[in-house]
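1. Sequence plus the predicted model coming up.
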Amino acid sequence: MPEAIASYQMLIGAQWVDACDGEWIDVENPAKKAVFARVPRAKKADVDLAVAAAQHAYKTWSKVAAAERGKMLHDIANELEGLIEDLARAISLENGNALRTQSRGEARMAVDFVRYVAGLSREIKGNTVYLSSDNLDYTRREPYGVVGAIVPWNAPLLLAALKIAPAVMTGNTIVLKASEEAPIAVQKLVRVFSNHLPAGVVNVLTGNGIECGVPLVEHPDVPKISFTGSTPVGRSILAAASSRIAAVTLELGGKSPQIVFPDVDINHTVDGVISAMRFARQGQSCTAGSRLFVNESIAKEFVEALVNKLKSMKVGDPLDDATDAGSVVNAKQYQRVCSYIKEAMELDPSALLLGGLPPTEGPLSQGYYFEPTVFYNLPLEARLTREEVFGPVISVSTWKSEEDVIERANSSEYGLAAFVWSRAGAPAIRVAHALHVGWVLINQGTGQQIGHSYGGVKQSGAGREFSLEGILASYTEVKQVSYNLGSHGFAE
Ligand code: NAD
């Protein structure tokens, strides 16, 4: 018997609602290629209602004492603590990420981030300029009003928490559009926010990019847009915002390099490279280190060790605790990754060292699964050497001189992250300083940590949101107040 399809709703003001026109979007479990839920298909009319609710709530919310807002966020974090497993399972079910290696960590971090932001509520500070004893010149950090936020599917819960908590802590209200591919965990998260915040402070819409994302971005009453997603969509958002000079923060795509020096411990570094490539997330991470440059003196041994370790990765059911890596998110992404692999295999069949096109029979053919895939010395015409694949595919090449590898690493339109592997401090730091990216990791393949100044340069984004400084810059605008304390002709 087919499993029942659960219906979820959107939050607008104090109400959980269907879409105005009653349409729905199916949500698929990519590990089984089966629809398991549906969410409202929001369009412009729903966006208008949500923005109106957020605008109404802003009038009082922006006047609530910052410490009081922080306290509410603490209470939200406390309630979320008890829901981590439920949230993690919701993520795995909708986006195919493995529960043990990914989703639990994502849910944990989302809760930790809300708590971190709660603690920052007393840090909304301006500064003073001393001009003379007759002047008081100071700045205030004020909220924008209604923030329009849009998130992708690859870390849906964390990215939603990353937008909602800072926006409301700084006195804004928010309309968040969840990804149509992964709206369920976000919906569960927002339910907890709504348990502790006044009506209309947080609103969540579910809809696709064109029908729901565009009207949100174009809405005249949304002065600030915070977007995480692909570079092409980020570009269109920036263009839409320019017509009314709306403020925009963009966290976009990447094609991050990894540079391995000849002095590394190969066994340890291979583990780090696998983690940096986010193989356990099927490569579906903006910071995936998908261009691997290995010094030619150790290349043969290094690549052999990489392939051997990847062979032992267990790909399979995301909800099984024995699984290291789950499935990619949907049929579209599956076809996209296939097309990159197919093109590369046609250009040079001998470059494929592991993986390749996905299995067409057996258990892995029942979902959108790929084996970890390694290409070695592919010709540069292969698009996967330059473009963001967002799949478990790494492209390895060799280098001789530091100058050459820096130039090749920098020859990308993206500038999100880079990984440098070396036991010698000076060369690693020299290379880190020469790389034109927003984040360099030396001898580690871990993810972002709360408090990092994380964000991209070039076409990987604009602005920062992970740290106190980033939050204040992204979610408040600065007002200068200049007060004449002397009489200067004015009556006291
Ligand atoms: P996407 O750009 O296709 O979609 C992201 C969100 O934007 C979704 O909610 C979608 O519905 C919406 N959207 C689509 N078209 C829109 C439009 N024209 N106007 C307004 N909204 C629109 O990205 P995706 O496939 O969901 O996510 C993967 C991408 O996100 C990758 O490029 C990845 O690198 C990037 N990403 C970046 C970061 C970061 O921190 N830099 C983090 C996670 C993901």
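-> Sure thing, it's come through.

2. For Pro143, give its distance to the ligand.
-> Distance of Pro143 to the ligand, given as Cβ to the nearest ligand atom, to the nearest Å: 23 Å. Quick note: C-beta positions are derived from backbone N, CA and C, even for glycine.

3. List, one by one, the residues from the chain near the ligand.
-> For the chain, the residues in contact with the ligand (Cβ under 6 Å from any ligand atom) are 150-155, 177, 179-180, 208-210, 213-214, 217, 228-230, 233, 236-237, 251-254, 286, 388, 390, 416, 456, 461.

4. Selecting buried members of these in PyMOL, what would you type?
-> Applying 16 or more other Cβ atoms under 10 Å to the residues of the chain next to the ligand, the buried members can be selected in PyMOL as follows:
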select buried, resi 150+151+152+153+154+155+177+179+180+208+209+213+214+217+228+229+230+233+237+251+252+253+254+286+388+390+416+456+461
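
5. quick one: Lys400 and Pro262, what's the gap?
-> 10 Å (Cβ to Cβ, to the nearest Å).

6. Then Asp404?
-> With Cβ to Cβ as the criterion, Asp404 and Pro262 are 14 Å apart.

7. out of these two, which sits in the busier spot?
-> Each of Asp404 and Pro262 has its neighbours counted (other Cβ atoms under 10 Å); Pro262 has more, 15 against 11.

8. ok, the residue nearest to the more buried one when sequence neighbours are not counted - contacts?
-> Counting by Cβ to Cβ, 6 or more residues apart in numbering, the nearest residue to Pro262 once its immediate chain neighbours are dropped is Asn295, at 4.2 Å. Contacts for Asn295 (Cβ atoms under 8 Å, 6 or more residues apart in numbering) come out as Val260, Phe261, Pro262, Thr398, Trp399, Lys400.

9. among these, which ones are buried?
-> Among the contacts of Asn295, the ones that count as buried by 16+ other Cβ under 10 Å are Val260, Phe261, Thr398, Trp399.

10. and stretch 446-454, how far from the chain's centre?
-> 12 Å (Cα atoms, centre = their mean, to the nearest Å).

11. Now it: buried residues?
-> Gly447, Gln448, Tyr454.

12. Output the host helix or strand of Gly105 in CSV with nothing but the alpha carbons.
-> Counting by DSSP states H and E, the element that carries Gly105 is helix 104-119. The C-alpha trace of helix 104-119 is given here as CSV (Å, rounded to 0.1, in the frame of the first residue of the first chain):
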residue,chain,number,x,y,z
ARG,A,104,22.0,15.4,12.8
GLY,A,105,25.0,17.7,12.6
GLU,A,106,23.0,20.2,10.6
ALA,A,107,20.1,20.2,13.1
ARG,A,108,22.6,20.5,16.1
MET,A,109,24.3,23.4,14.5
ALA,A,110,21.0,25.2,13.7
VAL,A,111,20.1,25.0,17.4
ASP,A,112,23.6,26.2,18.4
PHE,A,113,23.3,29.1,16.0
VAL,A,114,20.0,30.3,17.4
ARG,A,115,21.5,30.2,20.9
TYR,A,116,24.6,32.1,19.7
VAL,A,117,22.4,34.8,18.1
ALA,A,118,20.2,35.0,21.3
GLY,A,119,23.4,35.8,23.2
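
13. one step back: dump the buried ones among the contacts of Asn295 to a markdown table, plus pLDDT.
-> Output for the buried ones among the contacts of Asn295, formatted as a markdown table (pLDDT from 0 to 100):
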| residue | pLDDT |
| --- | --- |
| Val260 | 98 |
| Phe261 | 98 |
| Thr398 | 98 |
| Trp399 | 98 |
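
14. returning to that earlier point: nearest to the ligand among the contacts of Asn295?
-> For the contacts of Asn295, the minimum distance to the ligand (Cβ to the nearest ligand atom) is 22.9 Å, reached by Val260.

15. returning to what we had before: inside strands: which ones of the buried ones among the contacts of Asn295?
-> Secondary structure from DSSP state E places Val260, Thr398, Trp399 of the buried ones among the contacts of Asn295 in strands.
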